[in-house]
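Visitor: Kindly return the folded structure for what I paste below:
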Amino acid sequence: MSLLRFANGASGSGPVAWVFVSSSKIFVARLLGLDVFDPLGDRLGRLRDAVVLNRGPRRRALCVGILVEVPGKKRVFLPMTRVQSISSDQVIATGLVNLRRFQQRGAETLAAAELFDRKVTFLDGTGQGFIEDIGLIRQTDGDWAVEEYFVRRGAQGASLRTVRRRGESVLADWNEVVFGDLQEPQGAAQFIENHEDMKPADFADALHEMSSKRRLEVATELQDDRLAEILGELPNRDQVGILSSLDVERAADVLEEMDPDDAADLLSELPETQQESLLQLMEPEEADDVRRLLEYPEGTAGSLMTPVPIILPPEASVADALAAIRREDISPALAAIVYVTRPPLETPTGRYLGLVHFQELLRAAPPEQVGKLVDTDLKPVGDLDDIQEVSRVLASYDLTAVPVINEEKRLVGTVTVDDVLDHLLPDDWRDHSDDAPIRARTRPSPRSPQRAARASGVTPSATGDPDTKRTGSRGSGLWARARSASKSAGDAGTEQQQEVNRGD
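Guide: Residues are numbered from 1 along each chain as shown. Next up is the predicted model:
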């Protein structure tokens, strides 16, 4: 068990001085997102939730600790006995802090994740309501107990995707309401509202740690664009579970909001019949981008790339390029480079001419044509090049993205550094636990050879060898070259793992 000790005094030793919490009553929603520090001012992490212990219907629940997100996006448990001070803008902790990832036990409940939006019934017979906040009070024995609930009366405006019905808000003592059954459907409007500023990756971490029931309830109420961002940050099994729980029309809408490469990765986890039904419901333009990515063998540049980079003709001005990269929907990695091609400007484009770096655009005059600034020294990668070649180019030239072309020298997309990292990291990197060994990256089997053959215009023979017959422009070598690249990458991966083992 990893431990840190926080104590008063520069030496960090000796007895810990206890300071009473600055307020005798606090509300959980106001604590969410506060920074947590040690007494010397070093930041420990950020408060993400409070852990409440249910002690039965006749006894008030206790807040036994808080969840703190420490560096590495790991959530650890900090007992309330270690909380030295709470103010409107920070929490100060002292004593021993267990850095092992938090695991929920027994009657423990997460206030924001599980209690907010729970249905309660007023014992005086005045109706029902839904919890929006929880008030905690410090008792004379030092324990923090649930004192009251901030309840919204009436029907729940459960979804932020619809118009909410707002009833009267009241503060109810802990013994004036009773909770409904845990298996009842529960809204998620309050949880989403309290975490609307959270980054998609952080929201995905919180979602991953919930029960499957609660995870689906929260995911269902997210806006399509927000859910699309968060899905891309979740482990595969969570992605599939959430997408499968949605009705097919909404699932298709969410896939349209996702980046095409993320949507292709998610669809590749589904049976082909389910893939096709979802693709049929998507807008044709969005579906075509995803279909092209699904045709490539796994582990090639084509399977990793984003098919919608910033593309301009050589006659476009620097001002046009800067306007293109200022769009809100463009990620920093994509905004770093503008690609210059002949028309058409949709992938696959006309002949690829080169690229212009963002810094070069900043140094040039706004009316200047981008065609005069093109960097032709940096060679693009092929759509069937393996991940090792793409990684080598990115590392050699300190790039955040690299262009991808096909055999006809047409731009078909770009591979960004985050795409490569997501592929090279271990399979379980999103949900790796502290005590479990990190599994080596396993190379998945290529996507269907028949699909790759269709992408190139190759018709597989009855024996399953796509190289025996060809009808398209790519020629007969596409799948053979992909298999060769896959084998070389596998050999390189074996040698690398052997080096790691020797190092151990």
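
Visitor: Let me know the pLDDT of residue 72.
Guide: Here, the pLDDT recorded for residue 72 equals 78.

Visitor: State the three-state secondary structure for it.
Guide: coil (DSSP: H, G, I helix; E, B strand; the rest coil).

Visitor: what number of residues lie near it?
Guide: Number of residues near residue 72 (other CB atoms under 10 Å) recorded here: 11. For every residue, glycine as well, the C-beta is placed using N, CA and C.

Visitor: Equivalent analysis for residue 174, please.
Guide: Using other CB under 10 Å, residue 174 is surrounded by 16 other residues.

Visitor: was I right about it contacting residue 150?
Guide: No. Look at residue 174 against residue 150 with CB atoms under 8 Å: they stay out of range, at 11.9 Å.

Visitor: how close does residue 333 sit to residue 414?
Guide: 9 Å (CB to CB, to the nearest Å).

Visitor: Then residue 422?
Guide: Counting by CB to CB, the gap from residue 422 to residue 414 is 15 Å.

Visitor: How about residue 182?
Guide: Using CB to CB, residue 182 is found at 47 Å from residue 414.

Visitor: the more surrounded of those two?
Guide: It is residue 414, of residue 182 and residue 414, that has more neighbours when counted by other CB under 10 Å, with 29 against 11.

Visitor: Which of the three states applies to that one?
Guide: Secondary structure state of residue 414, per three-state DSSP, is strand.

Visitor: ditto for residue 391
Guide: Quick answer, by three-state DSSP: residue 391 is helix.

Visitor: nearest spatial neighbour of it, skipping sequence neighbours?
Guide: Excluding the flanking residues, the one nearest residue 391 by CB to CB, 6 or more residues apart in numbering is residue 420, at 5.5 Å.

Visitor: same deal with residue 91?
Guide: Using CB to CB, 6+ apart, the nearest residue to residue 91 is residue 36, at 4.6 Å.

Visitor: Using the three-state scheme, assign that neighbour.
Guide: Classified using three-state DSSP, residue 36 is strand.

Visitor: ok, it - contacts?
Guide: Listed by CB atoms under 8 Å, 6 or more residues apart in numbering, the contact set of residue 36 reads 43, 44, 45, 46, 47, 66, 68, 78, 90, 91, 92, 93.

Visitor: Go ahead and name everything in contact with the helix or strand the residue nearest to residue 391 falls within.
Guide: Using DSSP states H and E, residue 420 sits in helix 417-424. Outside helix 417-424, the residues that touch it by CB under 8 Å, 6+ apart are 261, 299, 304-306, 333, 387, 390-391, 394, 399-401, 441.

Visitor: Could you identify the least confident member of these?
Guide: Minimum pLDDT across those is recorded for residue 441, with 46.

Visitor: Now the spatially most central residue of the chain: closest residue in space that isn't a chain neighbour?
Guide: What sits nearest the mean C-alpha location of the chain, by CA atoms, centre = their mean, is residue 233, with 2.0 Å. Counting by CB to CB, 6+ apart, residue 204 is the residue found nearest to residue 233 once chain neighbours are left out, at 3.6 Å.

Visitor: before we move on, what SS does the one you found have?
Guide: In three-state terms, and counting by three-state DSSP, residue 204 is helix.

Visitor: contacting residues for it?
Guide: If you count contacts by CB under 8 Å, 6+ apart, then residue 204 has 230, 231, 233, 234, 430 around it.

Visitor: Which pLDDT value goes with the closest residue to the second one other than its chain neighbours?
Guide: The reference is to residue 231. Distance criterion CB to CB, 6+ apart; nearest residue to residue 231, sequence neighbours excluded, is residue 239 at 5.3 Å. On the pLDDT scale, residue 239 is placed at 95.

Visitor: for residue 239, what are its contacts?
Guide: By CB under 8 Å, 6+ apart, the residues touching residue 239 are 231, 266, 269.

Visitor: what about burial for those residues, which qualify?
Guide: The neighbour count (16 or more other CB atoms under 10 Å) marks 231, 266 as buried among the contacts of residue 239.

Visitor: Could you tell me the per-residue confidence at residue 480?
Guide: At residue 480, the model reports a pLDDT of 42.

Visitor: how about the helix holding residue 420: buried residues?
Guide: By neighbour count on 16+ other CB under 10 Å, the buried set for helix 417-424 is 417, 419, 420, 422, 423.

Visitor: same deal with stretch 116-132?
Guide: Buried residues in stretch 116-132, counted by 16+ other CB under 10 Å: 116, 117, 118, 119, 120, 122, 128, 129, 130, 131, 132.

Visitor: Mind telling me what element the fifth one is part of?
Guide: To tie it back to what came earlier, the one meant is residue 120. Per DSSP H and E: residue 120 is located in strand 119-122.
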